[in-house]
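S.K.: Output the structure for:
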Amino acid sequence: MNYCLICGLPLGQKKKCPRCEERKQSNGECSYCAKIYNSTPKSPRRKYKHCPMCGEKLNKGKFKDWRVG
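M.R.: Model (predicted):
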């Protein structure tokens, strides 16, 4: 069984958290989606295809490009 990484509740059959689903923003993303998009390239979060909190499919084009200037 899978659990929400934020609140710890068991995920439903659609792999979405019943509690955190209410926290989604108007663009369909949750706060954890934003953390995944802003993670560094070596972060294990970059391997997710779907957000483990809300179940939203992640758009690889939205990942922040971290470049050392």
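
S.K.: contacts and neighbour counts: CA atoms only from here.
M.R.: Noted.

S.K.: So, low pLDDT: which residues of the protein?
M.R.: Along the chain, segments meeting pLDDT under 70 span 1, 12-15, 18, 20-28, 67-69.

S.K.: Next, work out how far apart the most centrally placed residue in it and Ser43 are.
M.R.: Geometric centre of the chain, nearest residue: Cys51, 2.9 Å, by C-alpha atoms, centre = their mean. Here the distance between Cys51 and Ser43 works out to 14 Å (C-alpha to C-alpha, to the nearest Å).

S.K.: what's the neighbour count on the closest residue to the residue nearest to the centre of the chain other than its chain neighbours?
M.R.: Spatial nearest neighbour of Cys51, chain neighbours left out: Cys33 (6.0 Å); criterion: C-alpha to C-alpha, 6 or more residues apart in numbering. Neighbour count for Cys33, taken as other C-alpha atoms under 10 Å: 23.

S.K.: Hmm, Cys33 is touching Gly55, no?
M.R.: No - counting by C-alpha atoms under 8 Å, Cys33 does not reach Gly55; the two are 9.4 Å apart.

S.K.: Would you map the helices across this protein?
M.R.: Shown for the chain, the helices assigned by DSSP state H span residues 31-37.

S.K.: The residue lying closest to Thr40 once chain neighbours are set aside - how many residues pack around it?
M.R.: Among residues not flanking Thr40 along the chain, Trp66 sits closest, at 6.5 Å (C-alpha to C-alpha, 6+ apart). Trp66 has 10 neighbouring residues, counting by other C-alpha under 10 Å.

S.K.: right, and Trp66 touches Pro41 too?
M.R.: Yes - with contacts counted by C-alpha under 8 Å, Trp66 reaches Pro41, the gap being 7.1 Å.
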